[in-house]
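Asker: Let me see the structure of the following:
(one chain, ligands or ions: 1)
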Amino acid sequence: MIQEVVRFKDVSSTQDTAKRFIHRHHEMAIVAQHQRRGRGRHGRAWSSPTGGLYLSLILFPGHRMMLIPFLASLSVVRLLEHYALSGIAIHWPNDVLLHDKKVCGVICEQHKDSVICGIGLNVNSIDLPPNLGNATSMIRETGRTYDLDEVLTYYIRIFNPLYQELLERGLKVAEALNYITGIGEVVEVVTRNATFTATICDVNSDWSLLVRDESGVSRTLYCQEVRRLVW
Ligand code: BTN
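Answerer: Model (predicted):
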C-alpha cells in the first residue's frame, strides 16, 4: 500500500528521483510539479509542463510484476470515471485515451525486486506540444481546472485497494476488457529485431497482447511497441 508521498517542485524525471528511495523497501509515491527530462516509453521524451500529474510509484509486486502497467492504467480509468469524464479507453499496454486522444502514459521500469511505475496524466495542461496531435488533457476535454493534489489523492485511493487485490489474489484482466480499444485494428509492431504489421486479436489474462501478423501467424506481445496507424 502506498502510504507515503514525497513531493518535489522540479526534478529531472520522477523515475530517477524514485530510484533514490528504493532502498527504503516500502511502497511510496514520488510526485513533481515539473520535470525537465520526463521520459516516455521506447526512449521518447514526455513533455512535462506545470499542470500535469507526474508521478512515480515504487512497488514491490513480486511475481505479479507483469500486471503493474494494467493496474496503473485501470486506476487512471477509474479516476477519470470518478471525475465523470466520458469516452475513456485503454490502448494496450497502458495508454489511456479520452475521445481517442492520449491523456495518460505509463512506463514501468524494473530495478531488482522493485518496479518504478511512472504515470504522466495531462490534467490542467492546455498547451500540449504541437507535434503531439494525438494528445489531450482533462482540461481540454472538459473546460474544467482540476485540483492536482486532489487528483493525486484520489489516484492513490483508487490504486491502493487494487494493488492489494493484485498482491493477494491477482487482478482479473477481464475488468478492463470493456475499455480496451483497438481489437481488430491493424497496427505496426516494433520489436528489437523487426517491425511488422499485425491485427490486434485479444488481450490475454496476463495482460499480454495476442496479434495475428500478415502471414496469419499468431504472436503474443509483452512489452513491444504497438503503434496505431491511424489516430
Ligand atoms: C509513455 O506513454 O510513453 C509513458 C509516459 C510516462 C510519463 C511519466 S511522467 C512521471 C514519470 N516520470 C517520467 O520521466 N516518466 C513518467
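
Asker: How many residues are close by residue 219?
Answerer: 16 (other CB atoms under 10 Å). For the C-beta atoms, the positions are set from N, CA and C on the backbone; glycine is no exception.

Asker: what about it, which SS state?
Answerer: Residue 219 falls in the strand class when you classify it by DSSP: H, G, I helix; E, B strand; the rest coil.

Asker: Spatially, what comes nearest to it if we skip its sequence neighbours?
Answerer: residue 211 (5.5 Å; CB to CB, 6 or more residues apart in numbering).

Asker: what comes up buried for whatever helix or strand that neighbour lives in?
Answerer: Following DSSP states H and E, one finds residue 211 within strand 209-213. Within strand 209-213, the residues scored as buried using 16 or more other CB atoms under 10 Å are 209, 210, 211.

Asker: For the ligand, see how far away the second one is.
Answerer: To the ligand, residue 210 is 22 Å away according to CB to the nearest ligand atom, to the nearest Å.

Asker: ok, what's across the strand from that residue?
Answerer: residue 202, residue 220 (DSSP bridges).

Asker: quick one: contacts for it?
Answerer: Contact analysis of residue 210 by CB atoms under 8 Å, 6 or more residues apart in numbering lists 200, 201, 202, 203, 204, 218, 219, 220, 221.

Asker: From these, keep the buried residues only.
Answerer: For the contacts of residue 210, buried by 16+ other CB under 10 Å: 200, 203, 219, 221.

Asker: Among those residues, which one sits closest to residue 85?
Answerer: Nearest to residue 85 among these: residue 203, at 22.3 Å, using CB to CB.

Asker: isn't the closest one right next to residue 173, touching?
Answerer: Yes: under the criterion of CB atoms under 8 Å, residue 203 makes contact with residue 173 at 6.3 Å.

Asker: Okay, domains of this structure per the record?
Answerer: Domain ranges of the chain: 4-177, 182-228, per automatic domain parsing.

Asker: picking that back up, what score does the residue nearest to residue 219 have for pLDDT?
Answerer: pLDDT, residue 211: 96.

Asker: re earlier: let me know the closest of the contacts of residue 210 to the ligand.
Answerer: For the ligand, the nearest member of those is residue 221. The distance, counting by CB to the nearest ligand atom, is 16.0 Å.

Asker: The closest one and residue 134, how far apart?
Answerer: Distance, residue 221 to residue 134, by CB to CB, to the nearest Å: 21 Å.

Asker: One more: residue 177?
Answerer: 23 Å.

Asker: for residue 46, same thing?
Answerer: Plainly put, residue 46 is 14 Å away from residue 134 if you go by CB to CB.

Asker: Compare those two and say which is more crowded by neighbours.
Answerer: Legend: neighbour count by other CB under 10 Å for residue 46 and residue 134, higher for residue 46 (19 against 13).

Asker: need the contact list for the more buried one.
Answerer: 35, 38, 39, 40, 105, 120.

Asker: distance of it from the ligand?
Answerer: From residue 46 to the ligand the distance is 4 Å (CB to the nearest ligand atom).

Asker: what are the phi and psi angles of that residue?
Answerer: As for residue 46, its main-chain torsions (degrees, to the nearest 10) stand at phi -120, psi 110.

Asker: measure the residue lying closest to it once chain neighbours are set aside to the ligand for me?
Answerer: Leaving aside its sequence neighbours, residue 46 sits nearest to residue 38 (CB to CB, 6+ apart; 3.6 Å). Distance of residue 38 to the ligand, computed by CB to the nearest ligand atom: 4 Å.
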